[in-house]
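Visitor: quick one, structure for this:
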Amino acid sequence: MTLEKQKTTIIFAVPALLMVTAFFGNLFVEGWNWSPYDFIIAGALLFGTAFFINLVIRSKRALPYKLLICFVILLILALVWIELAVGLFGTPFAGS
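Guide: Alright, predicted model coming up:
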């Protein structure tokens, strides 16, 4: 079905656009200093999140259940991203 294909395309286009934005930000913004390792980690986090959200959206569950699971997935992404960036929880993976 075309609608499912369009949903999948949109879901995976968002992380692709974020990665392109980060790439150009790294080239042109003075204080933006991402290493190739940073891009690999960001890509894995963003595309992994898109993959799991795509799985949830394609499931046959009720809409409220899908929304709750997608919210939890995005919350986990935000917490991991914040931990890697500034060390919110003080784990050995903290970026600061």
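
Visitor: from here on, just use CA atoms for contacts and neighbour counts.
Guide: Noted.

Visitor: where does this structure have low pLDDT?
Guide: Applying pLDDT under 70 to the chain picks out residues 1-2, 95-96.

Visitor: which residues of it fall in helices?
Guide: Using DSSP state H, the helices of the chain run over residues 2-28, 36-58, 63-86.

Visitor: find the nearest non-adjacent residue to F47, please.
Guide: P15 (6.1 Å; C-alpha to C-alpha, 6 or more residues apart in numbering).

Visitor: residue contacts, the one you found?
Guide: Going by C-alpha atoms under 8 Å, 6 or more residues apart in numbering, P15 touches G43, L46, F47, A50.

Visitor: re earlier: out of the helices of the chain, flag the one nearest F93.
Guide: F93 sits nearest to helix 63-86 of all the helices of the chain, at 6.1 Å, using C-alpha to C-alpha.

Visitor: residues contacting that closest one, please?
Guide: Contacts with helix 63-86, where a contact means C-alpha under 8 Å, 6+ apart, come from 45-46, 49, 52-53, 56-57, 88-91, 93-96.

Visitor: list only buried entries from the residues you listed.
Guide: Listed as buried from the contacts of helix 63-86 are L45, L46, T49, I53, V56, I57, A94; burial here means 16 or more other C-alpha atoms under 10 Å.

Visitor: what's the most distant pair in those?
Guide: I57 and A94 (31.4 Å).

Visitor: against P64, how distant is the most centrally placed residue in the chain?
Guide: Centroid-nearest residue in the chain: L46, 2.4 Å away (criterion: C-alpha atoms, centre = their mean). Relative to P64, L46 is positioned 23 Å away (C-alpha to C-alpha, to the nearest Å).

Visitor: now do L55
Guide: Distance check for L55 against P64: by C-alpha to C-alpha, it reads 15 Å.

Visitor: ok, these two, which is more surrounded?
Guide: Shown here are L55 and P64; by other C-alpha atoms under 10 Å, L55 has more neighbours (13 against 9).

Visitor: contacting residues around that one?
Guide: Contacts of L55 by C-alpha under 8 Å, 6+ apart: none found.
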